[in-house]
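# Based on what follows, work out the 3D shape:
(chains A, B, C and D)
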Number of protein chains: 2
Amino acid sequence: MDTRENRCRILDAAARVYALLGFRGATTRRIAEAAGVNEVTLFRTFGSKEALIAEALRARATSQSAPLALPADPQDPERELTAWAAAHLAELRASRALIRQAMSDMGERPEVAPCVASGWSAADAELRRYLVRLVECGFVDAPRPVTGPTLARYDDVFAGGAMLMAALFSDAMGRDMMPEMFPQPADRAPVLYVSLFLRAVRCRPSREEAPAARTGDGGPRPRARRRAS
Amino acid sequence: MDTRENRCRILDAAARVYALLGFRGATTRRIAEAAGVNEVTLFRTFGSKEALIAEALRARATSQSAPLALPADPQDPERELTAWAAAHLAELRASRALIRQAMSDMGERPEVAPCVASGWSAADAELRRYLVRLVECGFVDAPRPVTGPTLARYDDVFAGGAMLMAALFSDAMGRDMMPEMFPQPADRAPVLYVSLFLRAVRCRPSREEAPAARTGDGGPRPRARRRAS
DNA sequence: CGGGAGTGCAAGTAAGCACTTGCATGGAAA
DNA sequence: TTTCCATGCAAGTGCTTACTTGCACTCCCG
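Predicted coordinates:
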């Protein structure tokens, strides 16, 4: 029996029991049972229940797999984003109980939240990078501001992205609580949210209309071509 | 000291302590202290801690104030929805801790969720009614389906409404957990979410432009006239 | 082979927790 | 005035909980 493997098993069990029953409900007896070890081993290995759960959640954040990557070169935003959104939603659903516990623990244990939300944060960053690419490939109009910070250019499309993330989060967290508020079938939700998002940011549907943006910084010239064709 | 008033005070205290510390953390000692009564009074009045908290949450659902009403006759959807969204968001924020506890308790105590989400549900219904009015007043296009249920006409605008609700929910629940995911200032959030929503559903901005829709599909408006004469 | 590390088992400790019981007090109603 | 009801106080009960301690066993390494 490898000690490191045992240690990992305890950490995993702690995170699981915490997700199910919260901090107080995650008794050391329950954790030990879930890990298949003797209760005293928890204390020998981690010192205290508090330390064990804290480390379990940190370990989880560290081992969290990176979010599905979005293409470096956008070709079909709707298809790409739908697949991505579906993957992100699945991840949120898989982590739902844990996220919920962390949220309820915000008052007493605020340090838990970052551990639990790291995947969420990474997905948000990935989406933002993709949205920048959408703008720069001409799928989405985002005129450069005459004054102000350069990134203000993306404020609008970022806000739309935030709304898409919000919809996915809300669907994952709220659907079983309030089923009537999510009438669309669960497996159709990403399609719908992405569709609405693309409309909100006025995204062009395909690359055929996007190449015109390469000729320059965008503006009147690409539009003129679109009228011609 | 009025007995009924005492009873209400205990119920209120129970809901508050539950919101702060969850079911297990809401010890009868803490509830009694928060209510300013003796611990034994809780048992004399409610029989058990479980019954007390259940009743406290039911009482809260019953006493929940109705959501801000949206106008029966839409005039300026952006303004109207923004005010409404701001009110709803404020309500969600005020109830945040309680909602979070209820969510984390979904596994062990699923009956808690409906008590906590009743305000949310009412707001959702109110928004849907308003969206129907937007469609029927010509602010939003929603062609009647040739076949299928009549309500399928509103699926798209309802989906957008769901996304708006999701954004508000997510903002209320997630902003303090993940501040970098909500870069827009908190007080600007409703404006932004509503703006995006209106774009997603292609809502006309004002009543002046609504009559132009008549020349479009020539659907509901001409019929309305015939009925009038 | 001996020693050390890791672990299980069992018993135990001190505190916490939901809840009970007995007595006393105050206020309201008959 | 008496009685009843609601409530407080204090002590208590039995169980749970995080954690400790002592002993024993197994495995691995030098």
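
# So which residues on chain A come close to DNA strand C?
A:M1, A:T3, A:N6, A:R7, A:G36, A:V37, A:N38, A:V40, A:T41, A:R44, A:T45 (CB under 7 Å from any atom of the strand). In short, each C-beta sits where N, CA and C put it, glycine included.

# List phi and psi for A:M106.
phi -60, psi -30 (degrees, to the nearest 10).

# ok, it - contacts?
By CB atoms under 8 Å, 6 or more residues apart in numbering or on different chains, the residues touching A:M106 are A:V112, A:A113, B:A97, B:R100, B:D176, B:M177.

# Kindly reformat those residues as a markdown table containing secondary structure.
Output for these, formatted as a markdown table (DSSP: H, G, I helix; E, B strand; the rest coil):
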| residue | secondary structure |
| --- | --- |
| A:V112 | helix |
| A:A113 | helix |
| B:A97 | helix |
| B:R100 | helix |
| B:D176 | coil |
| B:M177 | coil |
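
# Can you tell me which of the residues of chain A next to DNA strand C are buried?
A:R7, A:V37, A:T41, A:T45 (16 or more other CB atoms under 10 Å in any protein chain shown).

# Could you point out the helix or strand that follows the host helix or strand of the last one?
Taking DSSP states H and E as the criterion, the element that holds A:T45 is helix A:39-46. Beyond helix A:39-46 on the C-terminal side, the first helix or strand identified by DSSP H and E is helix A:49-63.

# residues of that following helix that come out buried?
A:K49, A:L52, A:I53, A:A54, A:E55, A:A56, A:L57, A:R58, A:A59, A:R60.

# does that helix come close to DNA strand D?
Yes. Contact of helix A:49-63 with DNA strand D (CB under 7 Å from any atom of the strand) involves A:K49, A:E50.

# Now do the helices in chain A.
Using DSSP state H, the helices found in chain A span residues A:3-25, A:28-35, A:39-46, A:49-63, A:77-94, A:96-104, A:112-136, A:155-174, A:189-200, A:220-228.

# Can you spell out the domain ranges of chain A, please?
Per the record, chain A has its domains at A:3-63, A:77-220, by automatic domain parsing.

# Can you pull the residues of chain A lying near DNA strand D?
So far as CB under 7 Å from any atom of the strand goes, chain A lies against DNA strand D at A:R24, A:A26, A:T27, A:T28, A:R29, A:E39, A:V40, A:F43, A:S48, A:K49, A:E50.

# Are any of those buried, and if so which?
For those, buried by 16+ other CB under 10 Å: A:A26, A:T28, A:K49.

# Just send these back as JSON lines, with pLDDT too.
JSON lines is the format used below for those (pLDDT from 0 to 100):
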{"residue": "A:A26", "pLDDT": "97"}
{"residue": "A:T28", "pLDDT": "97"}
{"residue": "A:K49", "pLDDT": "97"}
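
# wait, which of the residues you listed is closest to B:S121?
Nearest to B:S121 among these: A:A26, at 31.1 Å, using CB to CB.

# ok so, going back, the domains of chain A: lowest mean pLDDT?
Per-segment mean pLDDT for these reaches its minimum on domain A:77-220, at a mean of 85.

# Of all pairs in the residues of chain A next to DNA strand D, which one spans the longest distance?
A:R24 and A:V40 (20.6 Å).

# give me every residue that touches A:L168.
A:A85, A:H88, A:L89, A:L92, A:A189, A:P190, A:Y193.

# What distance do you get for the closest residue to the fifth one other than its chain neighbours to DNA strand D?
Ranked by CB to CB, 6 or more residues apart in numbering or on different chains and with sequence neighbours excluded, the top spatial neighbour of A:A189 is A:D171, at 5.1 Å. Computed with CB to the nearest atom of the strand, to the nearest Å, the distance linking A:D171 and DNA strand D is 33 Å.

# Kind regards, and thank you for your time.
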